[in-house]
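Enquirer: After the sequence you'll find the predicted model.
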Amino acid sequence: MATLMAVLAHPDDETFICGGSLAKYAAQGHRVVLVCATKGEMGRRMGVPPIATRETIAKLREDELSRACWELHVAQLEWLNLRDKTLEIQSFDTLTDSVLRLIELEQPQVVVTFHEKLGGHPDHCTIGGAAAAATLRYREKSGRDVRLFFVAWPGMARDPQTYGLSPEQFVEVDVSAHLAEKLRAYRAHKTQSQLNAWLWKSDAVSMQRLPSTEYFIQADKPIQRRKSLLE
């Protein structure tokens, strides 16, 4: 069995973007490790009605992520304990070193992170750049073959040329058998998901709204058609 490491920026990134995939690979017996850079303490969502304050939100979101990891069967959760919305002003070398230490500890076969330019948020892009750099350094130091993938939104896969990508770069992961786990993880992130009323209807109704496919961008050449990150 392999180890898949996801290196992301905020609590809920793992669920909202690739939770079905994490649950799927964990169910197949692979070890899934999540590295979260921040506690998301500068986010504006506090629940509906608010259940947190600026002073309590960090601990609450930490607890929410722990519960989401339980639902997705994430084996190990690691925190970088950096301040939310400040990653782009951190030392890039120090950030890369922090991720590299965890890669060396876990020795994953696959690293999943944000694209350094297409991440959609400065924190996303910065942690993605650091995770990619750390993966390359680990390859050089260890001689191990570690595959690197970037999380992607469905719109990217529908119109890849707009993003400077080719259709062949996308991996489409069927997560239809793991929507129940993803829904429970969404609900674990209560402060962030209560605004979406459809998530709190019956399980059957809510799962109908969850996409059954998650998308990833292959970072490494040669590009080849894949239906799995771990094939």
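Expert: Now that the structure is in, tell me what you want to look at.

Enquirer: List the buried residues of stretch 103-110.
Expert: For stretch 103-110, the neighbour count (16 or more other CB atoms under 10 Å) marks I103, E106, P108, Q109, V110 as buried. (Each C-beta comes from the backbone N, C-alpha and C, glycine too.)

Enquirer: Does the second one touch V32 like I think?
Expert: To tie it back to what came earlier, the one meant is E106. No: applying CB atoms under 8 Å, one finds E106 not in contact with V32, separated by 10.3 Å.

Enquirer: any residues in contact with both of the two?
Expert: The contact sets of E106 and V32 overlap at T3, Q76 (CB atoms under 8 Å, 6 or more residues apart in numbering).

Enquirer: which residue sits closest to H115, ignoring its sequence neighbours?
Expert: If the residues on either side of it in the chain are set aside, H115 comes closest to F150, at 4.0 Å by CB to CB, 6 or more residues apart in numbering.

Enquirer: strand partners of the helix or strand where that neighbour lies, parallel vs antiparallel please.
Expert: F150 is part of strand 147-152 when elements are defined by DSSP states H and E. Paired neighbours of strand 147-152 in the sheet (DSSP bridges): strand 110-113 (parallel), strand 213-218 (antiparallel).

Enquirer: Same list, these, but as a markdown table with mean pLDDT and distance to L80 please.
Expert: Formatted as a markdown table, these follow (pLDDT from 0 to 100; distance: least, CB to CB, whole Å):
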| stretch | mean pLDDT | distance to L80 |
| --- | --- | --- |
| strand 110-113 | 98 | 13 |
| strand 213-218 | 98 | 22 |
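
Enquirer: which one of the ones you listed is the most hemmed in?
Expert: strand 110-113 (a mean of 26; mean count of other CB atoms under 10 Å).

Enquirer: moving C-terminal of that one, what's the next helix or strand?
Expert: Once the chain leaves strand 110-113, the next helix or strand it forms, by DSSP H and E, is helix 122-142.

Enquirer: Mind listing what's buried along that following helix?
Expert: Of all the residues in helix 122-142, those buried under the rule 16+ other CB under 10 Å are 123-138.

Enquirer: same deal with stretch 199-214?
Expert: L199, S206, M207, L210, E214.

Enquirer: where do the strands sit along this protein?
Expert: 3-8, 31-38, 76-82, 110-113, 147-152, 170-174, 213-218 (DSSP state E).

Enquirer: Among the ones you listed, which comes closest to I57?
Expert: Set against I57 and scored by CB to CB, the strands of the chain come closest in strand 31-38, at 11.5 Å.

Enquirer: so what strands line up beside that closest one?
Expert: Partners of strand 31-38, by DSSP bridges, with direction: strand 3-8 (parallel), strand 76-82 (parallel).

Enquirer: ok and it relative to helix 122-142, angle-wise?
Expert: With axes from the mean of the first three to the mean of the last three CA atoms, to 10 degrees defining the directions, strand 31-38 sits at 130 degrees from helix 122-142.

Enquirer: quick one: strand 31-38 to chain centroid distance?
Expert: Averaging C-alpha positions (CA atoms, centre = their mean, to the nearest Å) puts strand 31-38 8 Å from its chain's average.

Enquirer: same thing with stretch 52-70?
Expert: With CA atoms, centre = their mean, you get 17 Å for stretch 52-70.

Enquirer: what would the strands of the chain look like in JSON lines with distance to E181?
Expert: Shown next, in JSON lines, are the strands of the chain (distance: least, CB to CB, whole Å):
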{"stretch": "strand 3-8", "distance to E181": "15"}
{"stretch": "strand 31-38", "distance to E181": "12"}
{"stretch": "strand 76-82", "distance to E181": "16"}
{"stretch": "strand 110-113", "distance to E181": "17"}
{"stretch": "strand 147-152", "distance to E181": "17"}
{"stretch": "strand 170-174", "distance to E181": "14"}
{"stretch": "strand 213-218", "distance to E181": "13"}
